[in-house]
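Q: Sharing a model that was predicted from the sequence below.
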Amino acid sequence: MHSNLKGIGAATVLTLAAIVSACSGNPGSTSSLQGTDGTGTGVTGLTPVMPPDAPPGITNDSPMARPASVAWTSARAKRCAFFFDPDKLRTNYLAFEGRQPGQDLAKVTSTYDNTYKLILAKTSSDEGYCTEKRTGDIKADLNRHLGGDFAPNLPKPTMVANCGMFGCAKPEGKIQSKEFFADQDRKRGY
């Protein structure tokens, strides 16, 4: 019976070694568990992530950035009960686009209207959406647009760590209070 237990123990060790090897991508290596920089954090890469209220698939470099940005600001300002006329802003903006050479006004109008509806729908159910920081950002963009400056100012993606199957680990023995509070602020939209 003693020899059977040794056989089972050896099989278990070999199975665990095979699992670790398969997870790492390199036989005999645990780099995916330790992270690519060897710190033990488990980070395997970074992925750009847009805020949930951002127009999907549109950045400031996109040809449709301007109508999406103005509509994004207008919808967010309406959601946060800013005192302005969203229809007048739309009319003034589309008149501006109509004066631009080579603009496809039908496409601009469609992008504006679809973005406005989408952002308003996304933000309307979030009770904590209108934070102090967010309303300050909206106010700055809205004032620019009401003044005739329609330059796009869409949010830039934030880089989020890919942590693999086992997640990201914190360095042992250290409490990362700044990271904890920064994470709490991000969750609240600050």
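A: Received it, and whenever you're ready, just let me know what you need.
Q: Asn92 and Pro55, how far apart?
A: As judged by CB to CB, to the nearest Å, Asn92 and Pro55 stand 20 Å apart. Bear in mind the C-beta positions are built from the backbone N, C-alpha and C, glycine included.
Q: Okay, and Arg144 sits in which element?
A: helix 132-146 (DSSP states H and E).
Q: buried stuff in that helix?
A: Arg134, Thr135, Ile138, Asp141, Leu142, His145, Leu146 (16 or more other CB atoms under 10 Å).
Q: I'd assumed Asp53 was in contact with Leu118.
A: No. Counting by CB atoms under 8 Å, Asp53 is not a contact partner of Leu118; they are 9.6 Å apart.
Q: got any ranges where the protein has weak pLDDT?
A: 1-44, 164-177, 189-190 (pLDDT under 70).
Q: following the helix holding Arg144, which helix or strand comes up?
A: Taking DSSP H and E, what comes next after helix 132-146 is strand 158-162.
Q: Give me the buried positions along that following strand.
A: So for strand 158-162, nothing qualifies as buried (16+ other CB under 10 Å).
Q: mind listing the strands in the protein by residue range?
A: With DSSP state E as the criterion, the chain has strands at 45-49, 158-162.
Q: Among the ones you listed, which comes closest to Thr73?
A: Closest approach to Thr73 among the strands of the chain (CB to CB): strand 158-162, 19.5 Å.
Q: by how many degrees do that closest one and strand 45-49 diverge?
A: 140 degrees (axes from the mean of the first three to the mean of the last three CA atoms, to 10 degrees).
Q: Now strand 158-162 - C-alpha only, CSV.
A: Provided in CSV are the C-alpha atoms of strand 158-162 (Å, rounded to 0.1, in the frame of the first residue of the first chain):
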residue,chain,number,x,y,z
THR,A,158,-7.5,54.1,-19.8
MET,A,159,-5.1,51.2,-19.8
VAL,A,160,-6.3,48.2,-17.7
ALA,A,161,-4.0,45.4,-16.7
ASN,A,162,-4.6,41.9,-18.1
